[in-house]
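Chemist: from the sequence below, what's the structure:
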Amino acid sequence: MRVYKNISTPEDGLQFEQVEDLLPANYDFGSPFTAPIYSIGIDLPSIVDFDEDGDLDIFSYTELSTTIYYYKNFAVENGDCGSLEHFECVNRCYGMFRESAESFDIMLGDEFECDFNVVEPRETSQPLRHTGGTLLSIDLDQNGIKDLVLSDISERYMTALLMQDGAQNLDSAVVAQYDFPAQNAGGADIYLDVFPAPFYEDINGDGKKDLLAGSNDYTLEAVDQKSLWLYTNQGENDLPDFSFIQEDFLQNGMIELGHGAFPVVFDYNSDSLPDLVIANGRHYADEDILTSKLWLFINTGTAVDPMLELLDENFLNLPASGWEYGYPAFGDLDTDGDLDLILGEQTGLLHRYNNTAGAGNTCTFALDTIPVADNNGLTIDPGQNATPQLIDLTGDGLLDLAIGEKNGNINVYENTGTAESAVWTLVEDTAGAVLATNFLGINGYSVPQFFVSDDGNLELFVGAETGDINHYTNIQGNLTGNFTLVTESFQQINEGDYAAPFVADMNGDGLLDLFLGQIGGGVSFYSSDDSTTGVNATETAPRWLLYPNPGHDVLTLTCGQPLPASIHVFSVLGQPVFKGQCNGGKMVIPTGHWAPGLYLVHVGNEVHRWVKQ
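Modeler: Sure, this is the predicted structure:
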């Protein structure tokens, strides 16, 4: 475990500083020694003030993943709460129970013999290995002893172990409830396909901790669009009475496409407003059919105030073809005045959809039965996860074809045909010597986005496996040379692995804005805020102060610069509760009639945006 200290300030925003690389503890397995606190990488430990003495203790699975380490923090007892050097492993078999090495069965009472207990620290044995579990400490029955909620990597449900005082003052598990939290929630137990993980936090601000459960699995096997279960607590923190609310807390108010998101802007209905289509890599389905889909969003706003509305969550019905990791590119390939489509997918093939609508009409696509071929009649197959872009790279007025791929390079095919009938001729399979930044030096998952900058030069963003946006220049007339790497991390924007950037002017101000997809299936949007090429992440507006925080009857907002600025306050569920404008000085916002809870304060104008909770 690493420890990072919060060193945030109102001026500099959220910042952390590493203060411990390997959090240590004192052990005695026959002779004393000091070693790092142990927690298997995929697990979630319980970090809680277990003995309510004012410092945080830690519970985690042992190396064998069948019993529990209890690390007691003696910082308060030793009078040194500024140090992290006071953890001791006081129990290596906490709760007097064992989880089966091959299942989620719990052995306790007469079924269990503790061969790792601190009472006999020199006894050892080697049970079978079992990996993957999460822990949460809650007092479920108000007996003053925190019980344990466990999950298993291979199961859909969670188990609660109720604790009582045992021999030699060692807590002992006496009951295992395999349907948690059904007995505390009117029969509504958690049921997530893979590796559920519980969290106990006050979500609605009523002073009572609520129960959240999500999947601790980061592979494609887990539920993605409905994977955050919320139970509110109608009882007490140490005697909860849970009420099931929903399976998609927070997710129901955002774009959530499953695994991966690839945004692409085009004009679907020929109204001169930019629309948006978002592809995904895969999405979870109960029938275990994992395919890509296209979500089509129509711009129902204006040229300067866009508003995107979901029109079709299965645009072009990609699941019927069984494709994964679809990626669309639009361009007029036959000079009939409408936008045609080339779609890349996981196998590396490209598929052409001809738009038969004609100029000025809503797109109507028809799929060619044969994949896209090159000038020699050979099927174009640059490599897995093909991500195409149609753009004139040679300056001859014809659309060329750039294709990213899993290996991280960019393939460039020049259109050596005509505007009416493209002929794709390979120019370079590693254009510009570009290789997207990656984790292991073997992939990269490049998503190319060539664009013309404000000064008329051709530049390149490359979405990378690491989540970074690689920025290149020196491209015009240099397709067979080496591009110039400006930065591996454009403006330090990183929303998650497998970045997928797309630039377009969304609000008609002549400046490029940025959509950015990522591995989690979400999409972020960044808007340019100056006259230079590119976009800026949300900035902290100068001299804005919000106090008191937390507040009670009123909130006071000291207005910074520049002004004027619009003020919007939302609940954690996205419900608007206040709207106003600050022209200078201080603004007092009455809050006495608001329900207790967490709120987000948005301050913004054309130059800055600022968000405070």
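Chemist: could you find the closest non-adjacent residue to the residue nearest the centre of the chain?
Modeler: Closest residue to the average C-alpha location of the chain: Gly520 at 4.4 Å, with Cα atoms, centre = their mean. Residue nearest to Gly520 in three dimensions, not counting chain neighbours: Gly496, with 5.3 Å by Cβ to Cβ, 6 or more residues apart in numbering. Glycine gets a C-beta too; all of them are placed from N, C-alpha and C.
Chemist: what's the pLDDT at the residue nearest to the centre of the chain?
Modeler: Predicted confidence (pLDDT) for Gly520: 86.
Chemist: using the three-state scheme, assign it.
Modeler: coil (DSSP: H, G, I helix; E, B strand; the rest coil).
Chemist: count of neighbours near His259?
Modeler: 22 (other Cβ atoms under 10 Å).
Chemist: over to Gly337?
Modeler: Quick note: Gly337 (other Cβ under 10 Å) scores 13 neighbours.
Chemist: can you confirm it is in a helix?
Modeler: No: looking at Gly337 with three-state DSSP, it is coil, so not inside a helix.
Chemist: list the contacts of the residue nearest to it when sequence neighbours are not counted.
Modeler: Distances taken as Cβ to Cβ, 6+ apart put Ala359 closest to Gly337, at 2.7 Å, once the chain neighbours are dropped. Ala359 is in contact with Ser270, Asp336, Gly337, Asp338, counting by Cβ atoms under 8 Å, 6 or more residues apart in numbering.
Chemist: can I have the buried ones of those residues as a ChimeraX selection?
Modeler: To isolate the buried ones among the contacts of Ala359 in ChimeraX, judged by 16 or more other Cβ atoms under 10 Å, type:
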select :270,338
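Chemist: show me which pair in the contacts of Ala359 is furthest apart.
Modeler: Greatest spatial distance in the contacts of Ala359: Ser270 and Asp336, 12.4 Å, computed using Cβ to Cβ.
Chemist: the longest strand along the chain: which residues count as buried?
Modeler: Determined from DSSP state E, the single longest strand within the chain is strand 171-180. Going by neighbour count (16+ other Cβ under 10 Å), the buried part of strand 171-180 is Asp171, Ser172, Ala173, Val174, Val175, Ala176, Gln177, Asp179, Phe180.
Chemist: and if you look at stretch 282-299?
Modeler: Buried residues in stretch 282-299, defined by neighbour count with 16+ other Cβ under 10 Å: 282-284, 290-299.
Chemist: out of those residues, which is nearest to Thr387?
Modeler: Nearest to Thr387 out of these is Ser292 (Cβ to Cβ; 12.1 Å).
Chemist: thinking again about what came up before, make TSV out of the buried residues of stretch 282-299 and add secondary structure, distance to Lys579 and pLDDT.
Modeler: Shown next, in TSV, are the buried residues of stretch 282-299 (DSSP: H, G, I helix; E, B strand; the rest coil; distance: Cβ to Cβ, whole Å; pLDDT from 0 to 100):
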residue	secondary structure	distance to Lys579	pLDDT
Arg282	strand	40	82
His283	coil	35	74
Tyr284	coil	37	70
Leu290	coil	42	73
Thr291	coil	42	85
Ser292	coil	39	91
Lys293	coil	35	93
Leu294	strand	35	95
Trp295	strand	29	95
Leu296	strand	31	97
Phe297	strand	25	96
Ile298	strand	26	96
Asn299	strand	24	94
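Chemist: can I get those in CSV with distance to Ile68?
Modeler: Listed next are the buried residues of stretch 282-299 as CSV, based on distance: Cβ to Cβ, whole Å:
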residue, distance to Ile68
Arg282, 35
His283, 36
Tyr284, 31
Leu290, 35
Thr291, 41
Ser292, 42
Lys293, 42
Leu294, 46
Trp295, 43
Leu296, 49
Phe297, 47
Ile298, 53
Asn299, 54
